[in-house]
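>>> Sequence isn't available, so here's the structure alone:
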């Protein structure tokens, strides 16, 4: 279910604000007050007099955002080695944040070649985008000056023209500052008013302040590191309590004070959103930033005592929610104060507040819906919505538009087509009518035209909406007859919700929710261009302790990034789409997909087990059906896992890894029919293939591989427990050759295995191996053999072999079934598989039906490989049977129910007893036949017996 976050600033912006807040500016005696440009001058260079200003290089600063986190020095070297043009300079960050990995850098660019250089920056693979740097801390006006009255995002309660951030709280006026931690002097002509705050003005808080709304009579509970009792920046600290094992109520860390300041600070240079809000501070973080415990927010006495309007549990530092959460909480406190205190219980609830926020938000142009939610909060718009609010139920998002990129990413990145796995779109039902609501009947799809009938939608949703929110999930797939359709399908989904009457009302409250759809559809791609990504066998955090994939990364203990195409593998997903591949997600066991439709099954960094039926089916799919298989594994070493055990203060328990970076014993079981197995080494090092430099980060080795395959080996250092001991005994860090990449044809299919997935995972990627993935998919899907990967020098004339008892073994001290979707579970196809196998064991294990044809559309036979021959055959079958099927026969109408076909019109028949009735009648007829045969035999015996007695 999509849970919108308003606002949801990007991580890079938050880190930038945090780092720049540490800067201390001081007046510079070296710049003229009349300077109208941003001038960067090296501190070490002598001052240039005004009459020699033509010798100065006028530059402007720009923020270069990158796609991953690395050391600033690495990015500087990357830019210097990748850009051929001059005219730019890297600006060093000299502040406490400079030593941490970053995803942005600041560069100075000459104005004369600005557009050319920015274009070159944005073409680089690791660069996300380039923005003008307008986030420096300006000097402050002590009072208003003539001509500066109309500044800020809003004037007289109305939004100024243009985007909000083009006119925050800046005003005109000469000033020159020098950053104490920077190597440049900066001149500009715009300054901040002392009464304004950049963050609050960005969202329009000053417009509500001018109307007299400041958060009065609103209670806010903050669970963090506490706050000092007599802090001068807060006017309304009502209560402080300590829930840690430290004997203090004060904030010795500063995090809780910062969070409270964003919400309700009254410092003149940085006002919080709602300075009159009443603060209840709960100290639940120690100085070591560890949560010892705190009151249960569901505990009734606790809630009744404080009647808290908003509950906020801020996260630990270095996480974006440390800023986003208090900003949202401050915004909510300010909006709550807009409603008279006596009317708040009738109007305000979590759903109505969220409706006001998301409906009033302004959509941003860059981030997608999962990054920005509804967009940037517009307090003035939300204020207007609340003033005239009538209780209602709504769906968020209210629109899915495949033509709106990048906001609708990843949906807009890959169109729908027949034969694909269902595309699932999750929405949130917001019920502002009451704490409980009910869905009145199933949702309904209303297509705008006939082509809309090609779309088949199954709905899963909350029958009971409580408290205030529910979910509606759309499972969308194109019917078989739309295999050649190309175009846009439009329509809407409606859902009716009702709630019990409020106090004083007699009838139910009811509301109809509407979700608009605009979907792009293309003809079904060829098999060789379709890749199936296995998501089912990836164990998601937090059910168990799944350790990180790269052991060199020390700041992330757990593998908590999701391992999904649209999270930490999103760059890889975009790369595959750019390469012409269509990537679908498998959320069910291997028995739930038709291998005839896919060129390659892609297994990356998987931790779960496999059903025996899956192993057997995959063997048949590869050898007999010609399915390609690409496997990217990870490290697995029991001794290393044992040493990664730690005690968690949050749960007061010991955490032990339940598997390694990947579940190698399970993968080996899956690959056993092909004679392939991975080992338990933990390998690190750099290697090169055909000039492509790559980093092998905590990957494993290949210990079994069949004869005739191609195996690539490189020298690496083994950092597993056994390898580290061996290095100590040999008094050195000698490297040895280990096989890490294998490619082989098996029956009608092709297999490629690689021992590391970090080069595809954007979380902690050092170097990417997308080039290798492309070559692997070319081989597994299209049988295109790269001459370097398939050179004779790496051909395996003898098989790699290792006894099974020497292969990595499973841990026996962990109850893996607690975390697994396979161990101890039943094999069943889930709702993210094709509709025809929902609730079954899958293809080949249970009879499946197929959709009927709509008039005017062709049907492809998806039981066969999709190619031109199949299409031609389908066309012939359609033309021959068109006359025959003009009028529906009795058999077509009713027997179709047995195969779960979709009927063109309603048919009055009790389908739940039709099949049992047919079986029962058939059984009775069979028994009657047996009885008749037996009766005939008895009569014959009697006749023959009478004859014998007569002869006597």
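Arrived safely, thanks for sending. Because the structure is predicted, anything quoted here is derived from the model rather than measured.
>>> and the nearest residue to residue 101 once chain neighbours are set aside, helix, strand or coil?
Of all residues not flanking residue 101 in the chain, residue 69 sits nearest, at 4.1 Å (CB to CB, 6 or more residues apart in numbering). Glycine gets a C-beta too; all of them are placed from N, C-alpha and C. The three-state label for residue 69, taken from DSSP: H, G, I helix; E, B strand; the rest coil, comes out as strand.
>>> I'd say residue 586 and residue 533 touch.
Yes: Residue 586 is within contact range of residue 533, at 6.6 Å (criterion: CB atoms under 8 Å).
>>> which ones are touching residue 642?
With contact taken as CB atoms under 8 Å, 6 or more residues apart in numbering, residue 642 is in contact with residue 656.
>>> Go ahead and report the secondary structure state at it.
Per three-state DSSP, residue 642 ends up helix.
>>> Just want the most central residue of this structure.
By CA atoms, centre = their mean, the chain has its centre lying nearest to residue 567, at 3.7 Å.
>>> quick one: contacts for residue 700?
Contacts of residue 700 by CB under 8 Å, 6+ apart are 633-636, 662, 664, 678-683, 755-756.
>>> same thing but 7 Å
633-636, 664, 678-681, 683, 755 (CB atoms under 7 Å, 6 or more residues apart in numbering).
>>> Can you flag which of those belong to helices?
If you go by DSSP state H, the contacts of residue 700 have residue 664 in helices.
>>> Tabulate the contacts of residue 700 (JSON lines), appending distance to residue 377 and pLDDT.
Formatted as JSON lines, those follow (distance: CB to CB, whole Å; pLDDT from 0 to 100):
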{"residue": "633", "distance to residue 377": "44", "pLDDT": "97"}
{"residue": "634", "distance to residue 377": "40", "pLDDT": "95"}
{"residue": "635", "distance to residue 377": "43", "pLDDT": "96"}
{"residue": "636", "distance to residue 377": "46", "pLDDT": "96"}
{"residue": "664", "distance to residue 377": "47", "pLDDT": "97"}
{"residue": "678", "distance to residue 377": "49", "pLDDT": "98"}
{"residue": "679", "distance to residue 377": "53", "pLDDT": "96"}
{"residue": "680", "distance to residue 377": "51", "pLDDT": "95"}
{"residue": "681", "distance to residue 377": "51", "pLDDT": "95"}
{"residue": "683", "distance to residue 377": "48", "pLDDT": "95"}
{"residue": "755", "distance to residue 377": "46", "pLDDT": "97"}
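>>> Excluding residues flanking it in the chain, which one is nearest the residue nearest to the centre of the chain?
Counting by CB to CB, 6+ apart, the residue nearest residue 567 is residue 561, at 5.8 Å.
>>> Distance of the one you found relative to residue 550?
Relative to residue 550, residue 561 is positioned 12 Å away (CB to CB, to the nearest Å).
>>> Name the residue in these two with the higher neighbour count.
residue 550 (24 against 18; other CB atoms under 10 Å).
>>> Could you report the separation of the closest residue to that one other than its chain neighbours from residue 230?
Using CB to CB, 6+ apart and skipping residues adjacent in sequence, the residue nearest residue 550 is residue 697, 4.4 Å away. Counting by CB to CB, the gap from residue 697 to residue 230 is 51 Å.
>>> List the buried residues in stretch 418-434.
Under the neighbour-count criterion of 16 or more other CB atoms under 10 Å, stretch 418-434 has 418-423, 425, 427-434 buried.
>>> Looking at those, which is nearest residue 640?
residue 421 (36.0 Å; CB to CB).
>>> Next, work out how far apart the nearest residue to the closest one once chain neighbours are set aside and residue 546 are.
In this structure, residue 421 finds its nearest non-sequential neighbour in residue 584, 4.5 Å apart by CB to CB, 6+ apart. Residue 584 is 24 Å from residue 546, where distance means CB to CB.
>>> which one of these two has more residues nearby?
Using other CB under 10 Å as the criterion, residue 584 and residue 546 rank with residue 546 on top: 25 against 20.
>>> quick one: contacts for the residue nearest to residue 550?
Residue 697 neighbours (CB under 7 Å, 6+ apart): 550, 552, 684, 756, 758, 766.
>>> On the three-state scheme, the last one is what?
Right, the one you point to is residue 766. Assignment for residue 766 (three-state DSSP): coil.
>>> And for it, the neighbour number?
Neighbour number of residue 766 under other CB under 10 Å is 17.
>>> Repeat that for the fourth one.
Residue 756 has 28 neighbouring residues, counting by other CB under 10 Å.
>>> my read: it touches residue 702, true?
No: assessed by CB atoms under 7 Å, residue 756 is found out of contact with residue 702, at 11.3 Å.
>>> Quickly list the domain ranges of the chain.
Per the record, the chain has its domains at 59-132, 200-289+303-383, 390-521, 527-723+734-818, by the TED database.
>>> can you tell me which of the ones you listed comes nearest to residue 827?
Here domain 527-723+734-818 is closest among the domains of the chain (CB to CB), at 4.9 Å.
>>> Would you agree residue 630 falls within a helix?
No: going by three-state DSSP, the assignment for residue 630 is strand, not a helix.
>>> Low-confidence stretches in the protein?
Scanning the chain for pLDDT under 70 picks out 1-58, 96-97, 134-198, 289-322, 542, 650, 721-733, 846-915, 942-952.
>>> can you give me the helices for the stretch 201-350 of the chain?
Secondary structure of the stretch 201-350 of the chain (DSSP state H, counting those that start in this stretch): helices located at 205-210, 255-264, 300-306, 321-336, 344-347, 350-360.
>>> cool, and the stretch 651-800 of the chain?
With DSSP H, counting those that start in this stretch applied, the stretch 651-800 of the chain shows helices at 664-671, 721-729, 770-782, listed in chain order.
>>> The longest one vs strand 628-632, what angle?
Counting by axes from the mean of the first three to the mean of the last three CA atoms, to 10 degrees, helix 770-782 lies at 150 degrees to strand 628-632.
>>> ditto for the shortest one
Here helix 664-671 runs at 170 degrees with respect to strand 628-632, directions being taken by the same axes, to 10 degrees.
>>> and helix 664-671, what does it pack onto?
helix 612-623, strand 677-678 (3 or more CB pairs under 7 Å, 6 or more residues apart in numbering; DSSP states H and E).
>>> Now distance to residue 387 too, for these, in TSV please.
Output for those, formatted as TSV (distance: least, CB to CB, whole Å):
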stretch	distance to residue 387
helix 612-623	58
strand 677-678	63
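>>> and those, which is most packed in?
Among the helices and strands packed on helix 664-671, strand 677-678 has the highest mean neighbour count (mean count of other CB atoms under 10 Å), at a mean of 26.
>>> In terms of secondary structure, what does that one contact?
helix 664-671, strand 702-704.
>>> Distance to residue 274 and mean neighbour count added to the ones you listed, as TSV?
Shown next, in TSV, are the helices and strands packed on strand 677-678 (distance: least, CB to CB, whole Å; neighbours: other CB atoms under 10 Å):
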stretch	distance to residue 274	mean neighbour count
helix 664-671	53	23
strand 702-704	60	23
